[in-house]
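Q: The following block contains a protein sequence and its predicted model.
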Amino acid sequence: MSETIRVGRNDLTSTEVLRELKDGNRVIVEVSVLGKTMNMALRRHAGTYYCDTPMKLLTYETDEEMQTCLERYRLAKPESSAEIEETDASPSPEK
């Protein structure tokens with residue numbers, strides 16, 4: 001049974017979003033554009049990824065294309081920034 005997961009922009013990393021989509025879940029990302037709140041629906045059906053914006057339906061065939069879309073439109077945290085945040089949050093080793 002698929003679920004609909006609602007998140008804010010940059011709440012999840014692009015890898016986490018892709019994992020949810022591969023599991024058959026739909027991800028709704030709430031974004032604010034020019035003071036208006038809009039929802040972007042992300043889903044995967046028959047091996048094709050869909051990013052349904054209020055203005056256009058974008059489709060992608062590969063994980064890499066979808067990951068690029070998520071990061072380009074800032075719908076998910078890039079993996080590099082997530083790694084930096086984890087490193088910054090970890091305690092420094094004692095000497």
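A: On my side now, so go ahead. All of these numbers come straight from a predicted model, not from anything done at the bench.
Q: Where is the longest strand in the chain?
A: strand 36-45 (DSSP state E).
Q: How far does it sit from its chain's centre?
A: 10 Å (C-alpha atoms, centre = their mean, to the nearest Å).
Q: okay, the helix or strand just after it in CSV with CA atoms only?
A: Sequence-wise, the next helix or strand downstream of strand 36-45 (DSSP states H and E) is strand 48-52. The C-alpha coordinates for strand 48-52 follow below in CSV (Å, rounded to 0.1, in the frame of the first residue of the first chain):
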residue,chain,number,x,y,z
THR,A,48,9.2,6.6,-14.8
TYR,A,49,9.6,9.4,-12.3
TYR,A,50,7.1,12.3,-12.3
CYS,A,51,7.5,15.8,-10.8
ASP,A,52,4.1,17.5,-11.1
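Q: give me every residue that touches the residue most central in space within the chain.
A: Centroid-nearest residue in the chain, with C-alpha atoms, centre = their mean: Ala76, separated by 3.8 Å. By C-beta atoms under 8 Å, 6 or more residues apart in numbering, the residues touching Ala76 are 10, 12-14, 16-17, 29, 70. (Each C-beta comes from the backbone N, C-alpha and C, glycine too.)
Q: Next one: it from Met66, what distance?
A: 10 Å (C-beta to C-beta, to the nearest Å).
Q: tally of neighbours for Cys20?
A: For the record, residue 20 is Glu, not Cys. With neighbours defined by other C-beta atoms under 10 Å, the count for Glu20 comes to 20.
Q: Can you name the secondary structure element that comes next after the helix or strand hosting it?
A: Using DSSP H and E, the element containing Glu20 is helix 14-22. On the C-terminal side of helix 14-22, the nearest following helix or strand under DSSP H and E is strand 26-33.
Q: What's the separation between Leu18 and Val27?
A: Applying C-beta to C-beta to Leu18 and Val27 gives a distance of 10 Å.
Q: any weak-confidence spans in this protein?
A: Applying pLDDT under 70 to the chain flags the ranges 1, 80-95.
Q: hmm, try it at 50
A: 82-88, 90, 92, 95 (pLDDT under 50).
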